[in-house]
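[1] model this:
(one chain, ligands or ions: 1)
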Amino acid sequence: MSGLIPQHFIDELIARADIVEVLGHRIQLKKAGREFKACCPFHGEKTPSFTVSPAKGFYHCFGCGAHGTAISFLMEHDHLTFVEAVESVASMLGVDVPRDESQRPTRKFDELFELTRKIELDFQAQLKNHQPAVDYLKARGIDGATAKRFGIGYAPSGWSHLLDKFGTSKEATERLLAIGMIIRKDNGQHYDRFRDRLMFPIKDSRGRTIGFGGRGLGNDEPKYLNSPETVLFHKGRELYGLYEARQALRNIERLVVVEGYMDVVGLARHGIDYATATLGTATTDEHLNRLFRICDEISFCFDGDRAGRAAAWRALENALPQIRDGRQIRFVFLPDGQDPDSYVQENDASAFEKEVHEAVPLSDFLINELCAQVDMSSVDGRARLAELAKPLVSRIPAGVYKELLIERLADSVGLSASKLDTILAKDVPATRQDKQTATTRLRSRPQGGTGKPSIVRRAITLLLHHPEAARKLHVERLAGVTKPGTDLLRDLIETVHAEPNMSTAGLLERYRTHEEGRHLGKLAAVEIPTAEDFDAAAELTDCIGQLELAGERERISFLIEKERLSSLSDDERGELRGLGRSSA
Ligand SMILES: [Zn+2]
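    Numbers count the residues shown, from 1 in each chain. The predicted model follows:
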């Protein structure tokens with residue numbers, strides 16, 4: 001019975017399990033964009049219609065309608081019970097399943113977090129005994145207080161420091177392996193991953209250490225080494241220094257994305273607490289989503305050299321779908337050969353802040369870079385500029401920002417904005433048009449009836465596909481709504497508020513034993529557009545707005561009916577007036 005396994009364990013398991021890994025052991029998956037495809041294992045077919053979405057933790061077959069999470073897959077495919085399926089996924093992640101509510105749920109994620117914390121403290125103790133590491137920090141201008149704030153430590157040289165200290169049993173060794181601190185050789189022996197390195201703990205949004213970045217002190221390559229992807233640490237999601245920034249600042253007005261942890265620490269040393277770094281990857285959608293949930297102004301800070309400009313361009317491309325009115329994305333280019341750490345040391349904090357204030361807006365950077373690629377003095381060159389801009393502009397969600405950018409581009413090309421708009425709209429790849437049709441389909445209401453139940457359904461579908469879109473919804477707005485399904489919608493929104501990192505699969509597992517579970521599974525399998533300019537949060541807010549209005553209308557007709565029966569109380573009369581229907 002699922003009741004014996006604590007819900008929070010299942011939540012965490014689903015959040016950390018990689019559905020592609022679970023299914024990939026059993027069927028042959030092929031990457032297709034952000035998803036994976038396979039021939040469906042549940043019905044005979046020759047062309048793949050079985051789709052797996054790693055982001056949602058969900059699979060769906062367009063042929064036979066089979067769908068579900070990693071857990072449901074194991075239940076159906078391997079004919080496991082729920083508990084067996086949970087155990088199977090947990091063992092892949094190297095954690096044990098807590099057996100019942102009364103038993104304190106140790107020996108799972110909590111235990112791994114406890115281990116990373118112990119290792120972090122050990123590294124800090126090691127730092128005190130290793131003068132060359134302390135000297136290095138001093139030479140980089142990092143004082144004791146800053147080192148302490150970021151929990152900087154030292155991993156000793158040798159091959160088995162952690163192994164000897166924390167790998168004293170077979171189980172303990174497995175845990176070190178699960179968090180990526182040791183490496184297993186072919187002969188089954190192990191050795192420490194980080195040796196003779198300054199160690200920077202990487203924290204999740206709750207301040208728990210989920211991995212480490214190591215800066216080599218000797219000539220060891222690579223100079224910078226990060227923890228590998230583990231059950232705790234996902235590079236595409238985490239940002240170094242974000243937790244520390246939120247601790248340091250009550251109100252974050254802007255964030256600067258820099259390239260490495262030394263930059264974050266170096267800037268913090270000089271009082272600039274709003275820097276954060278990706279961990280050896282380009283900025284992902286998920287990074288940007290996290291950043292924009294904190295503030296509306298993001299600046300990317302890069303070297304002024306060629307590599308820096310190339311990295312900035314990649315960041316620009318990734319940021320386009322995230323552009324919204326009111327959000328600012330800008331680029332800081334430091335003088336050639338400088339990084340934020342060296343720049344702030346050579347100059348000072350105010351010089352760096354000046355650079356940030358004078359950062360190049362995304363639109364300027366985009367237009368300047370494109371103009372530099374063509375001969376703007378020729379008609380052909382300007383036509384080419386429009387061509388180059390087309391795929392980029394198409395990724396920006398519709399809105400004032402997009403319109404202004406098109407106007408500015410039109411200026412550069414020497415066309416009217418409407419003319420350019422027509423050119424940009426033409427020949428957009430078919431997939432995008434398909435998705436737009438799908439959006440229209442999703443938006444259109446069924447003929448006849450008021451269509452209101454379908455708004456609830458649409459809201460639930462959107463929320464299931466994009467749980468993060470519900471984070472900022474005000475559930476109180478649904479107070480007066482009595483449409484069928486509203487309670488479920490409210491419940492789902494509250495679940496996302498309580499567990500902001502909930503995925504589609506996580507929500508489905510929450511409702512596995514509820515009556516609504518089957519219904520939700522079907523809605524999660526409905527195809528909805530995944531175009532990059534599709535704004536689920538805006539769509540969802542729109543649904544809530546419509547429901548709120550519908551709720552008001554319901555209330556008004558109720559009050560008018562009461563008025564007609566002359567049974568309106570004074571309060572209700574006031575309410576009716578407040579709703580814009582003056583009662584006589
Ligand atoms: Zn199928």
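[2] and the gap between Ala469 and Glu120?
    To Glu120, Ala469 is 34 Å away according to C-beta to C-beta, to the nearest Å. Placement of C-beta: from N, CA and C, glycine included.
[3] What of Gly44?
    For Gly44 relative to Glu120 (C-beta to C-beta), the value is 52 Å.
[4] of those two, who's got more company?
    Glu120 (20 against 9; other C-beta atoms under 10 Å).
[5] That one - that's part of a helix, no?
    Yes. The assignment for Glu120 is a helix, going by DSSP: H, G, I helix; E, B strand; the rest coil.
[6] Who are the contact partners of it?
    By C-beta atoms under 8 Å, 6 or more residues apart in numbering, Glu120 lies in contact with 151, 153, 199, 201, 209, 212.
[7] 7 Å instead?
    Glu120 makes contact with 151, 153, 201, 209, according to C-beta atoms under 7 Å, 6 or more residues apart in numbering.
[8] so of the residues you listed, which ones are in strands?
    153, 201, 209 (DSSP state E).
[9] export those to CSV and tack on neighbour count, pLDDT and distance to His270?
    Compiled in CSV, these are given as follows (neighbours: other C-beta atoms under 10 Å; pLDDT from 0 to 100; distance: C-beta to C-beta, whole Å):
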residue, neighbour count, pLDDT, distance to His270
Gly153, 26, 98, 22
Pro201, 27, 98, 21
Thr209, 23, 96, 25
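[10] Just the closest of those to the ion, please.
    Thr209 (42.1 Å; C-beta to the ion).
[11] Please spell out which residues along stretch 345-353 are buried.
    Across stretch 345-353, burial judged by 16 or more other C-beta atoms under 10 Å covers 345, 347, 352.
[12] what pLDDT, on average, does that stretch get?
    Stretch 345-353 carries an average pLDDT of 94.
[13] Off-centre distance for that stretch?
    Relative to its chain's centre, stretch 345-353 lies at 32 Å (C-alpha atoms, centre = their mean, to the nearest Å).
[14] Write out the residues of this protein neighbouring the ion.
    40, 42-43, 61, 63-64, 66 (C-beta under 5 Å from the ion).
[15] If we use 6 Å, what do you get?
    When proximity is defined by C-beta under 6 Å from the ion, the chain lies next to the ion at 40, 42-43, 50, 61, 63-64, 66.
[16] which of the residues you listed are buried?
    By 16+ other C-beta under 10 Å, the residues of the chain next to the ion give 40, 50, 61, 63, 66 as buried.
[17] before we move on, what SS does the spatially most central residue of the chain have?
    Nearest to the mean C-alpha position of the chain, counting by C-alpha atoms, centre = their mean, stands Glu286 at 2.7 Å. Following three-state DSSP, we place Glu286 in the helix state.
[18] Correct me if wrong: it contacts Arg237.
    Yes. If you go by C-beta atoms under 7 Å, Glu286 and Arg237 touch, sitting 5.0 Å apart.
[19] Reformat the buried ones among the residues of the chain next to the ion as TSV; add secondary structure and pLDDT.
    Conversion of these to TSV gives the following (DSSP: H, G, I helix; E, B strand; the rest coil; pLDDT from 0 to 100):
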residue	secondary structure	pLDDT
Cys40	coil	92
Phe50	strand	95
Cys61	strand	90
Gly63	coil	85
Ala66	coil	88
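[20] What is the nearest of those residues to Ser157?
    Taking C-beta to C-beta as the measure, Ser157 lies nearest Phe50 of these, at 49.3 Å.
[21] leaving aside the residues next to it on the chain, what's closest to the closest one?
    Leaving aside its sequence neighbours, Phe50 sits nearest to Cys40 (C-beta to C-beta, 6 or more residues apart in numbering; 3.9 Å).
[22] wait, what's in contact with the one you found?
    Each residue near Cys40 by C-beta under 7 Å, 6+ apart is listed here: 49-50, 61, 63-64, 66.
[23] What is the burial count for the closest residue in space to Arg246 that isn't next to it in sequence?
    Excluding the flanking residues, the one nearest Arg246 by C-beta to C-beta, 6+ apart is Ile252, at 6.9 Å. Look at Ile252: counted by other C-beta under 10 Å, it has 16 neighbours.
[24] Assign a three-state SS to Val86, would you?
    helix.
[25] quick one, what contacts Lys46?
    So Lys46 contacts Cys39 (C-beta under 7 Å, 6+ apart).
[26] so Val265 touches Thr146, yeah?
    Yes. Val265 is within contact range of Thr146, at 6.2 Å (criterion: C-beta under 7 Å).
[27] what comes up buried for stretch 474-489?
    475, 477-478, 480-481, 483, 485-486, 488-489.
[28] no, scratch that, I was asking about stretch 61-75
    So, applying 16+ other C-beta under 10 Å, buried residues of stretch 61-75: 61, 63, 66-75.
[29] Show me which of those residues is closest to Lys138.
    Closest to Lys138 out of the buried residues of stretch 61-75 is Ala70 (48.6 Å), distances taken as C-beta to C-beta.
[30] show me what contacts that closest one?
    17, 19, 22, 57, 89, 505 are the contacts of Ala70 under C-beta under 7 Å, 6+ apart.
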